[in-house]
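A.B. asks: Below are the sequence and a predicted model; questions follow.
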Amino acid sequence: MSKTESKKQAVARAAIEFIEYDDLLGVGTGSTVDCFIELLKPIKNKISGAVASSISTQQKLEANGIRVYDLNDVSDIPLYVDGADEVNSRLQLIKGGGGALTREKIIANASKKFLCIVDDSKIVNILGKFPLPIEVLPMARSFVAREIIKHKGMPSWRDGFVTDNENVILDVSHLEIMEPIELERKLNQIPGVVTVGLFAERGADQVLISSDDGVSELKKDN
Ligand code: 5RP
């Protein structure tokens, strides 16, 4: 097993400790969350079920015998567990490397607590080195790309990729995101944008980081 893989396993194991009896879990998407889903299998009777942030996560949960609920059929989600592509010291995130950002953002906002699980390669001082994913309505792709250039970003169409919501993704590089909440709000205003992969307004509540020294919690700077 590679070092990165064992870090993902370790942080997923740590996240399991946050689950309380009969919890309904929000479950994110990605390779770190895949480790978490595997660990849910032996404790599937401890939870009441899950809400999935992607079709792929839904299939993996169901394959492990976990009941998956539609978000419209539940009210309280006590805990949402998901990974991230970048994390800063204010627990603000870039997400969407796997293209599931829209459902992830909805479930993050619908959940009481968002526990983010990452390895130490994801921790940054300034968000934006990882190209910022933006989900866009297909007919607005070129228009949104031109608008993003006005915000000094360099958009690149994730060619051949279609989201679970039948939309497309623009990955925006060359951004140095000094004011994440402000940029998230501005980009959200562009007609045709479905979701911006900046999770700043609703960032994580707690971040667990896996490194060579074990799993620790990222302390929040205000
Ligand atoms: C998917 C995401 C993932 O959380 C993010 O890409 C991290 O994935 P991984 O755990 O595979 O590094 O936002 O849309």
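C.D. replies: Now that the structure is in, tell me what you want to look at.
A.B. asks: so Gly26 touches Ala108, yeah?
C.D. replies: Yes - here Gly26 lies in contact with Ala108, judged by CB atoms under 8 Å, at a distance of 7.4 Å. C-beta: built from backbone N, CA, C; applies to glycine.
A.B. asks: what does this structure put close to the ligand?
C.D. replies: With CB under 6 Å from any ligand atom as the criterion, the chain meets the ligand at residues 28-32, 82-85, 95-101, 104.
A.B. asks: swap the cut-off to 8 Å and go again
C.D. replies: Contacts of the chain with the ligand, taken as CB under 8 Å from any ligand atom, map to 8, 28-34, 53-54, 82-85, 95-101, 104, 117-119, 122, 133, 197.
A.B. asks: ok, which stretches of this structure are helices?
C.D. replies: 3-16, 31-40, 55-63, 101-110, 141-150, 180-188 (DSSP state H).
A.B. asks: and the third one, how far from the chain's centre?
C.D. replies: Averaging C-alpha positions (CA atoms, centre = their mean, to the nearest Å) puts helix 55-63 16 Å from its chain's average.
A.B. asks: quick one, strands of this structure?
C.D. replies: 24-27, 49-52, 77-82, 86-87, 93-94, 111-119, 132-136, 154-157, 168-173, 193-196, 198-199, 206-211, 214-217 (DSSP state E).
A.B. asks: got the buried residues for the longest one?
C.D. replies: By that I understand strand 111-119. Within strand 111-119, the residues scored as buried using 16 or more other CB atoms under 10 Å are Ser111, Phe114, Leu115, Cys116, Ile117, Val118, Asp119.
A.B. asks: I'd like the average pLDDT over that strand.
C.D. replies: Across strand 111-119, pLDDT averages out at 98.
A.B. asks: Name the residues that touch that strand?
C.D. replies: Residues outside strand 111-119 that contact it (CB atoms under 8 Å, 6 or more residues apart in numbering): 4, 7-8, 11-12, 14-15, 18, 26, 32-33, 36, 76-84, 87, 91, 93, 108, 202-211.
A.B. asks: If any of those residues are buried, give me the PyMOL selection for them.
C.D. replies: Applying 16+ other CB under 10 Å to these leaves a buried subset, and the PyMOL line that selects it is:
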select buried, resi 7+8+11+12+14+15+18+26+32+33+36+77+79+80+81+82+83+84+87+91+93+108+202+203+204+205+206+207+208+209+210
